[in-house]
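**Q** What follows is a predicted protein model with its sequence.
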Amino acid sequence: MGAARARRLSETATIIVFERGPYVSFANCGLPYHIGGVIEDRKRLLVQTPESLNARFDLDVRVNSEVLAIDRAAKTIQVRNVKTGREYTEAYDVLVLSPGAEPIRPPLPGINDPRVHTLRNMGDMDSILAGLHNPRLGRVLVVGGGYIGVELAESLRHRGLGVVLVERLAQVMAVADPEMVEPLHEELQRHGVELRLNASVASFDGTRESLRALLADGTRIECDLAVMCVGVRPETTLAKAAGLELGSTGGIRVDAQMRSSDPSIFAVGDAVEVRELVSGDATLIPLAGPANRQGRIAADVILGRDSRYASTQGTAICKVFDLTFAMTGLSERSLVQKQIPFHRIYVHPADHATYYPGASAISLKLLFAPESGRLLGAQAVGKAGVDKRMDVLAVALRAGLTVFDLEELELCYAPPFGSAKDAVNMAGFVASNLLRGDVAHWEPEELASLREDQVLVDVRTQAEFNQGTIPGAQWAPVDELRDRLDDLPADKELLLFCQVGLRGYVAARLLAQHGFCVRNLSGGYKRYQMWAGHLTTAVPCETNTEG
């Protein structure tokens, strides 16, 4: 935190910390997991206390103290003790605002029912837990399928409660691309979460015994408790009243040194507008890591160091029962909206060597610039190893690396941990093959308008073909292609696919050298299933060693 950093830089500065609530430093990312009982001891969420901060850093920490107003001309703030009501004025030389983001609570009829909660702080968590202790409680409604909503749904199921998750969009995790979160839909339902997509709550009502949510389509959901997780917005009330400049996104506008439009006032954390790394556009990305760094930078600048905050790339991760989803950089949807040209590839390699027990597939999507191959974004979902790969890709994106650089990365390998060609290397190989012209790709969206001079060709085994294929595809297994060249139409474009992309690539290279016009489906049939919205986990994982 910035105050602790300031003390490490100066033993003589007077540092006062005001906090409206009773807790000055708590792990808000851990709140859902205490609700679920995974983090059993509530005290584990309290990272620091006023007493510990005073003992170690000589900080004057004043909890239950709400800052009501800022007098920029006098360089004072008006403070109210929320317990006693006493108000007083405190002077400052430099002021740092870190009000965070507040949960959105839409003005719906019945929203003020005490059984309708939000989850932002320890008090919210305690209120939810108090409601869960009702012995008659059986069903909880979670409204919103973002990170907090999904984590909370899992935590409530961990307690054995019935959970209905309502999301107004067609997918959970709106920051991600639809096909990449399709496995999360299946995972949520597999663990008993009743998933309602393309649905929104219009109002709440109920009786003394039960709460009811009326959806926009007229459906009624009976529940005992509801938690609104529909997003957050920057808490800028104080800054706005003080006349500080806000950005186009609604966050407090700051420069690279976290200084607001008033040179004596800095702002950090979820309330500030930042620059997105890939596009350079202004955005709001409420994440703990960037907030922590911003606090440190503000302290540096205040005490004479030339520190600067570069940008935010939105690296994030979420556990969804037995799956992990992670991303960094821009999504495909964002690239399209910003009109940034891109290519995309998909790979489904195992998290470690397949001959070592316990290997499972990682579905990884890579977005990159068509000319230079510079990384623009990445998303991944799988049971294991997702965090490791996304951290590598986040560093690569921050460093401005290209897909050609990914080919050359030397990453850890031993059978329990990875493969000689790591998942990140594999993504680099596939993307580089595309840019070098070694193979051309076709996209699932093309299936809606196939031409007469195009033929779908499934190059998997007979058993795989029989289990399911893309409608209209003919079968020509890769291992028999050299003996079946005469069976393939030489006057048509062959749209090849296998299970995850490797055999399709091998087939494409073979057929191209025999004069056929071919393209391969990146990510193969598994990618098609994700795109089509019916990913099946029963299909065996193929070892991907393309290169």
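**A** Arrived safely. Residues are numbered from 1 along each chain as shown.
**Q** what bits of the stretch 1-150 of the chain have low per-residue confidence?
**A** The stretch 1-150 of the chain contains residues with pLDDT under 70 at 1.
**Q** With the stretch 401-547 of the chain instead?
**A** Where the stretch 401-547 of the chain drops to pLDDT under 70, the residues are 534-547.
**Q** Break down it into its helices, ranges please.
**A** Taking DSSP state H, counting those that start in this stretch, the helices of the stretch 401-547 of the chain run over residues 403-408, 423-436, 462-467, 502-512, 524-532.
**Q** Can you read off the pLDDT for Leu211?
**A** As predicted, Leu211 sits at a pLDDT of 93.
**Q** before we move on, what about Leu215?
**A** pLDDT, Leu215: 96.
**Q** tell me the contacts of it?
**A** 166, 196, 199-202, 221 (CB atoms under 8 Å, 6 or more residues apart in numbering). The C-beta positions use only the backbone N, C-alpha and C, and glycine is treated the same way.
**Q** what do you get if the cut-off is 6 Å, keeping everything else the same?
**A** Ala199 (CB atoms under 6 Å, 6 or more residues apart in numbering).
**Q** go on, Ser419?
**A** Residues counted as contacts of Ser419 (CB under 6 Å, 6+ apart) are Ala353.
**Q** ok so, going back, in a markdown table: the helices of the stretch 401-547 of the chain, plus mean neighbour count and distance to Lys43.
**A** Below are those laid out as a markdown table (neighbours: other CB atoms under 10 Å; distance: least, CB to CB, whole Å):
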| stretch | mean neighbour count | distance to Lys43 |
| --- | --- | --- |
| helix 403-408 | 19 | 43 |
| helix 423-436 | 24 | 38 |
| helix 462-467 | 13 | 52 |
| helix 502-512 | 23 | 50 |
| helix 524-532 | 22 | 42 |
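**Q** now Tyr413: how far from Leu132?
**A** 45 Å (CB to CB, to the nearest Å).
**Q** These two: which has the busier surroundings?
**A** Neighbour totals were compared for Tyr413 and Leu132, and Leu132 leads with 17 against 14 (other CB atoms under 10 Å).
**Q** From Gly533, how far off is the residue positioned nearest the centre of the chain?
**A** When CA atoms, centre = their mean is applied to the chain, the residue found nearest the centroid is Ala316 (4.4 Å). For Ala316, the distance to Gly533 equals 23 Å [CB to CB].
**Q** what's the answer for Asp113, then?
**A** Distance from Asp113 to Gly533, by CB to CB: 35 Å.
**Q** Just the buried residues of stretch 438-456, please?
**A** For stretch 438-456, a neighbour-count test (16 or more other CB atoms under 10 Å) marks 439, 441-442, 444, 447, 454-456 as buried.
**Q** Could you tell me the end-to-end distance of that stretch?
**A** This stretch, stretch 438-456, spans 20 Å end to end (CA to CA, to the nearest Å).
**Q** Name the nearest residue to Val17, ignoring sequence neighbours.
**A** Distance criterion CB to CB, 6 or more residues apart in numbering; nearest residue to Val17, sequence neighbours excluded, is Val61 at 4.6 Å.
**Q** who's in contact with the one you found?
**A** By CB under 6 Å, 6+ apart, the contact list for Val61 reads 17, 24, 50, 53.
**Q** Surely the first one forms part of a strand?
**A** Yes. Val17 forms part of a strand when assessed by DSSP: H, G, I helix; E, B strand; the rest coil.
**Q** what sits against it?
**A** Counting by CB under 6 Å, 6+ apart, Val17 has contacts 3, 59, 61.
**Q** just checking, the residue nearest to Val17 is part of a strand?
**A** Yes. Per three-state DSSP, Val61 lies within a strand segment.
**Q** for the stretch 1-150 of the chain, what spans make up the helices?
**A** 2-9, 31-35, 50-57, 122-132, 147-158.
**Q** Just send those back as CSV, with distance to Arg293 too.
**A** As requested, the helices of the stretch 1-150 of the chain are arranged in CSV below (distance: least, CB to CB, whole Å):
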stretch, distance to Arg293
helix 2-9, 10
helix 31-35, 22
helix 50-57, 19
helix 122-132, 24
helix 147-158, 20
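**Q** in the stretch 101-250 of the chain, which spans are strands?
**A** Using DSSP state E, counting those that start in this stretch, the strands found in the stretch 101-250 of the chain span residues 101-103, 116-118, 139-143, 162-166, 193-196, 201-206, 211-215, 220-223, 225-228, 232-234.
**Q** Lovely, talk soon.
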